[in-house]
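give me the fold of what follows.
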Amino acid sequence: MPSPSASSSPNIANSTIIAKGWARNSINAVIFRHNSLVTHGRRQYAAFYGRRGRVILAKRKLGSGYWEVAKTPYKGRVRDAHNSISIMVDGNGYLHMAWNQHDSPLNYCRSKAPHSLELGPPTAMTGIKERRVTYPEFHRLPDGDLIFTFRDGSSGKGNLMMNRYDSKAGTWTQLQDDLVDGQRQRSAYHQIAIDRRGVIHLSWVWRETADVATNHDLCYAKSPDGGRTWLRSDGSPYQLPITAASAEYAWRIPPNSSLINQTSMAVDSSGAPCIATYWAPEGSGVPQYFVVFRQGGSWRAHQVSRRTTPFELGGQGTLRIPISRPLILLAEREGRTRVYLVFRDVERGDRVSLAVCEDLHNPGWRCQDLTSEPVGAWEPTFDSELWRQKQVLHLLVQRVGQRSWERLQRLTPQPVSVLQWQPPI
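Now for the predicted structure:
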């Protein structure tokens, strides 16, 4: 991401190693892991696949370099990078996990006791449309309940589902059956953020077929009541399910723009959403990072990067891409919204890098590297609850390989670590 304000900073973040894990593809380091790391109270938990595809759990006390590591009885088909692990801890301290999902029956379990790494047996959630699950995600609400989303169906012909976990009753219920409906003509690839009031913010791109080149447009919805009813950004209600005809379009992006799917969102204290993604501007073959945000009653888009290396997204399956999908974070200081974008770019040596904008209303970006060594095909996943509580950034980092179309790279097991970075005040 070279630009006039780009720099290589000596501010290298600290990290602690957990153990070595599978690294022949990017399954441990895909951005749609929600979450790979999660904090509850003073405990932090991590999950990843070990060297032979077994699910490994770990926990530590925050601030400690010692990790308690446990091998679980569960394994994943690690040759497919879609089959990642997602974890979350509910308000009572139970760890929930979904793993090994790509158009397959739900794999879900939770810990046998609060704060334990010992998992119970696989079980259904609601038993409704749990036969063709892809992209499982957990999100924690302010009251300690959980939201679980997943795609029902295949790429290009899938619908977005949403369940809710009642932490007091210990039970799951279905909130939405076909929240976003592709009408068997397309599917939505989404990202979610929950603000401090508990409002759920949802954005997505449409994909017409299994070919990533058919990604197009950026859409938005929000729910002020925990996922039961949904609104557009102006407060007007949706009639569910949301379809291509009824969706609010935050930004129009045509097919064949190298628009990536499943990136990240953040929300400021006023409830205004910011969405990070990348696509190639019209007339250019060079994809650039963008932030699309709601300001003054309208949607705006700001180009973050000034990249010079061209590439084109196309085809099916996991691809080896010269940049990662971006992670966006917001911090508010003295009435200004500071924006952080975490990414990996071949133009910066495939390191973990950070772009900073001091004020989104007057955007200008500077860059620094958080690691000195390359991380291969890594993408950012972070401890969302620690950032929400303390605005301290913890990233799961591993050097991983990835060849296009689910092919493996010859790479021995690599250390899985937690990179720790404190934004300046």
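
any regions of the stretch 101-250 of the chain where pLDDT drops low?
For the stretch 101-250 of the chain, applying pLDDT under 70 flags no range at all.

that one: strands as residue ranges?
102-104, 108-110, 133-140, 146-154, 157-166, 171-180, 187-194, 200-207, 215-223, 248-251 (DSSP state E, counting those that start in this stretch).

what residues sit buried inside the fifth one?
For strand 157-166, the buried set under the neighbour-count rule, 16 or more other C-beta atoms under 10 Å, comprises 157-165. For glycine as for every other residue, the C-beta is placed from the backbone atoms N, C-alpha and C.

the residues you listed into JSON lines, with extra columns for distance to Gly376?
Converted to JSON lines, the buried residues of strand 157-166 look like this (distance: C-beta to C-beta, whole Å):
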{"residue": "Lys157", "distance to Gly376": "32"}
{"residue": "Gly158", "distance to Gly376": "29"}
{"residue": "Asn159", "distance to Gly376": "33"}
{"residue": "Leu160", "distance to Gly376": "31"}
{"residue": "Met161", "distance to Gly376": "32"}
{"residue": "Met162", "distance to Gly376": "33"}
{"residue": "Asn163", "distance to Gly376": "34"}
{"residue": "Arg164", "distance to Gly376": "37"}
{"residue": "Tyr165", "distance to Gly376": "35"}
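
and of these, the nearest to Asp90?
Distances from Asp90 to the buried residues of strand 157-166, taken as C-beta to C-beta, are shortest for Tyr165 (6.3 Å).

so how far is Glu130 from that closest one?
According to C-beta to C-beta, to the nearest Å, Tyr165 and Glu130 sit 14 Å apart.

repeat that for Lys61.
Distance, Lys61 to Glu130, using C-beta to C-beta: 35 Å.

neighbour count: the two, which is higher?
Ranked by neighbour count (other C-beta atoms under 10 Å), Lys61 and Glu130 place Glu130 first, with 19 against 13.

distance check, the more buried one against Asn107.
10 Å.

kindly report the same for Asp359.
Taken as C-beta to C-beta, the span from Asp359 to Asn107 is 44 Å.

coming back round to it: for Ile85, find the nearest of the strands of the stretch 101-250 of the chain.
Among the strands of the stretch 101-250 of the chain, strand 133-140 comes nearest to Ile85, with 9.1 Å by C-beta to C-beta.

look at Leu57 and say how many residues are nearby.
For Leu57, using other C-beta under 10 Å, the count is 25.

can you check Gly120 too?
Residues within reach of Gly120, counting by other C-beta under 10 Å, total 12.

so where do the helices sit in this structure?
Taking DSSP state H as the criterion, the chain carries its helices at 384-390.

just to revisit the earlier point, of Asp359 and Asn107, who's got more company?
Asn107 (20 against 14).

isn't that one up against Pro122?
Yes: in this structure, Asn107 is within contact of Pro122 by C-beta atoms under 8 Å, at 5.9 Å.

what's the overlap in contacts for the two?
Common neighbours of Asn107 and Pro122, counting by C-beta atoms under 8 Å, 6 or more residues apart in numbering, are Tyr74.

re the thing from before, looking at the strands of the stretch 101-250 of the chain, which is buried most?
Highest mean neighbour count among the strands of the stretch 101-250 of the chain (mean count of other C-beta atoms under 10 Å): strand 200-207, with a mean of 24.

so which elements touch that one?
Applying 3 or more C-beta pairs under 8 Å, 6 or more residues apart in numbering; DSSP states H and E, we find strand 200-207 packed against strand 171-180, strand 187-194, strand 215-223, strand 264-267, strand 273-279.

mind doing that once more with 7 Å?
Contact partners of strand 200-207 among helices and strands, from 3 or more C-beta pairs under 7 Å, 6 or more residues apart in numbering; DSSP states H and E: strand 187-194, strand 215-223, strand 264-267.

okay, now the sheet partners of the first one, with direction.
In the sheet, strand 187-194 lines up against strand 200-207 (antiparallel) (DSSP bridges).

ok, and what's touching the strand it pairs with?
When contacts are defined by C-beta atoms under 7 Å, 6 or more residues apart in numbering, strand 200-207 is touched by residues 147, 155-156, 180, 186-195, 214-223, 227, 244, 250, 259, 261, 265, 267, 273, 275.

can you pull the contacts of Pro287?
258, 278-280, 307, 311.

just the buried members of the residues you listed?
258, 278-280, 307, 311.

reformat the residues you listed as a markdown table; add pLDDT.
Below are the buried ones among the contacts of Pro287 laid out as a markdown table (pLDDT from 0 to 100):
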| residue | pLDDT |
| --- | --- |
| Ser258 | 97 |
| Tyr278 | 98 |
| Trp279 | 98 |
| Ala280 | 98 |
| Arg307 | 97 |
| Phe311 | 95 |
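
what is the nearest of those to Phe32?
Distances from Phe32 to the buried ones among the contacts of Pro287, taken by C-beta to C-beta, are shortest for Tyr278, at 15.2 Å.

does the closest one really touch Ile260, like I thought?
Yes: assessed by C-beta atoms under 7 Å, Tyr278 is found in contact with Ile260 at 5.4 Å.

state the pLDDT value of the residue nearest to Glu137 when sequence neighbours are not counted.
Distances taken as C-beta to C-beta, 6 or more residues apart in numbering put His34 closest to Glu137, at 4.0 Å, once the chain neighbours are dropped. Reported pLDDT at His34 in the predicted model: 96.

which pLDDT value belongs to the residue nearest to Gln414 when sequence neighbours are not counted?
Of all residues not flanking Gln414 in the chain, Ala23 sits nearest, at 4.0 Å (C-beta to C-beta, 6+ apart). Listed pLDDT for Ala23 reads 98.

Ala23: how many residues sit nearby?
Quick note: Ala23 (other C-beta under 10 Å) scores 28 neighbours.

same thing with Val304?
Using other C-beta under 10 Å, the number of residues around Val304 comes to 23.

what about it, distance to Cys357?
In terms of C-beta to C-beta, Val304 sits 8 Å off from Cys357.

joint contacts of these two?
With C-beta under 7 Å, 6+ apart, Val304 and Cys357 have common neighbours Trp365.

quick check: Ala399 vs Glu373, distance?
No Ala there; residue 399 is Arg. Distance, Arg399 to Glu373, using C-beta to C-beta: 7 Å.

mind checking which of the two has more residues around it?
Ranked by neighbour count (other C-beta under 10 Å), Arg399 and Glu373 place Arg399 first, with 19 against 13.

so who does the more buried one touch?
23, 374-376, 378, 414.
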